[in-house]
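1. Build me a model from this:
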Amino acid sequence: MASPDSRNAELELEPEPEPDYHVLALNSGSSSLKFGLYRVGPLQAEVMLSGEADAIGDEKGTFCARDSRQNKLISETVWFASQREAFVRIAKLLAESDLPVPSAVGHRIVHGGARLRQHCVIDDWVVRQLAAAVSFAPLHIPSALSVIQFAQEHFPGIPQVACFDTTFHAELAEVARVLPVPRELQAEGIQRYGFHGLSCESIVHQLVHQLAHNLPKRLVIAHLGNGASVTAVRDGKSIDTSMGLTPTGGVMMGTRSGDLDPGVLIYLMREKKFDVAALEEMVDHRSGLLGVSGIGSDMRRLREAASVNADARLAVQMFCYAVRKQVAAMIAALDGVDLIVFTGGIGENDWESRAEICLGLSWIGVTLDQARNRSANKPISDALQNTLQNTIHDPASRCAVLVLASEEDEQIARHTWTILHPE
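-> All right, here's what the predicted structure looks like:
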């Protein structure tokens, strides 16, 4: 029988349970603000409340919120004049929901420029670096900076963490990273940065857990939404990606041109007297699906119009064609492919786009099960328990194809916990 002293020693050695740690993840876009409150620990991130303020600045903006089981709590049409008003609504909801005050706040930052390549705690120096990097992502960084300021004002003293979309691509080899411009420009940080890194990380995280850590060696991730990119992943690490210096590059997108012959820009400057502001407005706001169709940037609207509108039909065809070419390019970079994952708003919800993209990949042995592809329009939230439901390839396909929901906010919560709990 153990002595009292030995029992006391055993009790002293038992680790005390860690207190609950809650992270508010904020994912700001140029006209949207997604949020999620997570209970986070070393092994998991559990969502408690999530939602989104969309179409900020539009009279037909929306605000929605869901509980931990993804049941809808709020769905309303509301006009938010700015990111600040959207943040105030989110803070009010958190207070009314009787949920814990966040222990920390994590922010998605699209671009940190040349100096900010790793996730980090936000301090005055980081804010200054972000302000200096606005020219890299003028659509995204100003709104992110404003949200950081609002969060610091509303939650004083609570640590704030910056999670960068570029971090996943920070170790690209020179052959993929270096752009073919003069060396002096390369030295100033003009290079391929890559984006949608948090989305890619979330896909890799899900696959590692679904496949019992047996991650496919050669993976292509097609993040298709209003912004779109295709990334080649070998052994869980990015080796190439379609976006370059800015989120405007790569495949054509909702309103962004994607890769464009630089001679087009020179022509517009010389012959049409476009200045920087006019060029930026064109390539970021008036090109892509919107520019080709003349109707809009929403793939759902374009598909509805495609049967009677040739321009809408062409826009859809060009988008799928551009993605297919980039997928093929990434397969070449990987020297083959074991798995293709579709994610993002279009990738997760538009079965027709997935079918059109994969139809042109039959040469590599990609074949879809059409019934599965149609039924995968709404990816199962608990993918860990429903891997088969997310599989859309035919059994005879030489390459697996999955539809997985991007979980950027959960990834932000994980990174925030990790940064603030160093080993």
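
2. from here on, contacts and neighbour counts on C-alpha atoms
-> Noted.

3. which SS state does residue 34 fall under?
-> Judged by DSSP: H, G, I helix; E, B strand; the rest coil, the three-state class of residue 34 is strand.

4. So it is in contact with residue 28, correct?
-> Yes - using C-alpha atoms under 8 Å, residue 34 is in contact with residue 28, at 6.3 Å.

5. ok, the two, which is more surrounded?
-> Neighbour count, other C-alpha atoms under 10 Å: between residue 34 and residue 28, residue 28 has more, with 26 against 23.

6. bridging residues for that one?
-> With DSSP bridges as the criterion, residue 28 is bridged to residue 33.

7. Tell me how far it lies from residue 244.
-> 21 Å (C-alpha to C-alpha, to the nearest Å).

8. now swap in residue 122 and tell me
-> Separation of residue 122 from residue 244 (C-alpha to C-alpha): 25 Å.

9. between the two, who's got more neighbours?
-> Counted by other C-alpha under 10 Å, residue 122 and residue 244 do not tie: residue 244 has more neighbours, with 23 against 18.

10. now the more buried one, nearest residue through space, not along the chain?
-> Nearest in space to residue 244, with sequence neighbours left out and distances taken as C-alpha to C-alpha, 6 or more residues apart in numbering, is residue 192 at 4.1 Å.

11. how about that neighbour, phi and psi?
-> phi -80, psi 120 (degrees, to the nearest 10).

12. Give the full set of residues in contact with it.
-> Residue 192 is in contact with 176-179, 243-245, counting by C-alpha atoms under 8 Å, 6 or more residues apart in numbering.

13. from those residues, which two are the most distant?
-> Distance extremes for the contacts of residue 192: the farthest pair is 178 and 243 at 12.7 Å, using C-alpha to C-alpha.

14. quick one: which of those two has more around it?
-> residue 243 (22 against 17).

15. Is the more buried one in a helix, a strand, or coil?
-> At residue 243, secondary structure determined by three-state DSSP is coil.

16. Check whether it really touches residue 193, as I assumed.
-> Yes - assessed by C-alpha under 8 Å, residue 243 is found in contact with residue 193 at 7.4 Å.

17. tell me the pLDDT at residue 9?
-> Residue 9 is assigned 46 on the pLDDT scale.

18. Give me the below-cutoff pLDDT ranges for the stretch 1-150 of the chain.
-> 1-19 (pLDDT under 70).

19. And the strands in it, which stretches?
-> With DSSP state E, counting those that start in this stretch as the criterion, the stretch 1-150 of the chain has strands at 21-28, 33-40, 45-54, 62-67, 72-77, 104-109, 120-121.

20. Okay, buried residues for stretch 147-167 please.
-> Neighbour counts over stretch 147-167 (16 or more other C-alpha atoms under 10 Å) mark 147-148, 150-152, 155, 159-167 as buried.

21. can you tell me the distance between the two ends of it?
-> In terms of C-alpha to C-alpha, the two terminal residues of stretch 147-167 are separated by 20 Å.

22. mind listing what residue 420 touches?
-> With contact taken as C-alpha under 8 Å, 6+ apart, residue 420 is in contact with residue 121.

23. swap the cut-off to 10 Å and go again
-> 104, 120-121, 159-161 (C-alpha atoms under 10 Å, 6 or more residues apart in numbering).

24. Which parts of this structure belong to which domain?
-> In the domain annotation for the chain, the residue ranges read 21-164, 213-257+287-409 (automatic domain parsing).

25. one step back: in helices, which of the buried residues of stretch 147-167 appear?
-> 147-148, 150-152 (DSSP state H).

26. what about residue 200, distance to residue 404?
-> Distance of residue 200 to residue 404, given as C-alpha to C-alpha: 11 Å.

27. The two: who's more crowded?
-> Between residue 200 and residue 404, counting by other C-alpha under 10 Å, residue 200 is the more crowded of the two (31 against 26).

28. The more buried one falls within a strand, correct?
-> No - under three-state DSSP, residue 200 sits outside any strand and is assigned helix.

29. okay, now the closest residue in space to it that isn't next to it in sequence: neighbour count?
-> Counting by C-alpha to C-alpha, 6+ apart, residue 221 is the residue found nearest to residue 200 once chain neighbours are left out, at 6.9 Å. Residues lying near residue 221 (other C-alpha under 10 Å) number 27.

30. The helix or strand containing residue 221 packs against which elements?
-> Taking DSSP states H and E as the criterion, residue 221 maps to strand 218-224. Secondary-structure packing of strand 218-224 (3 or more C-alpha pairs under 10 Å, 6 or more residues apart in numbering; DSSP states H and E): helix 197-210, strand 228-234, strand 237-241, helix 310-334, strand 339-343, helix 344-349, helix 351-359, strand 400-403.

31. With mean pLDDT and distance to residue 42 as extra columns, can I get the ones you listed in JSON lines?
-> Shown next, in JSON lines, are the helices and strands packed on strand 218-224 (pLDDT from 0 to 100; distance: least, C-alpha to C-alpha, whole Å):
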{"stretch": "helix 197-210", "mean pLDDT": "95", "distance to residue 42": "14"}
{"stretch": "strand 228-234", "mean pLDDT": "98", "distance to residue 42": "25"}
{"stretch": "strand 237-241", "mean pLDDT": "98", "distance to residue 42": "21"}
{"stretch": "helix 310-334", "mean pLDDT": "98", "distance to residue 42": "32"}
{"stretch": "strand 339-343", "mean pLDDT": "98", "distance to residue 42": "26"}
{"stretch": "helix 344-349", "mean pLDDT": "95", "distance to residue 42": "27"}
{"stretch": "helix 351-359", "mean pLDDT": "97", "distance to residue 42": "35"}
{"stretch": "strand 400-403", "mean pLDDT": "96", "distance to residue 42": "27"}
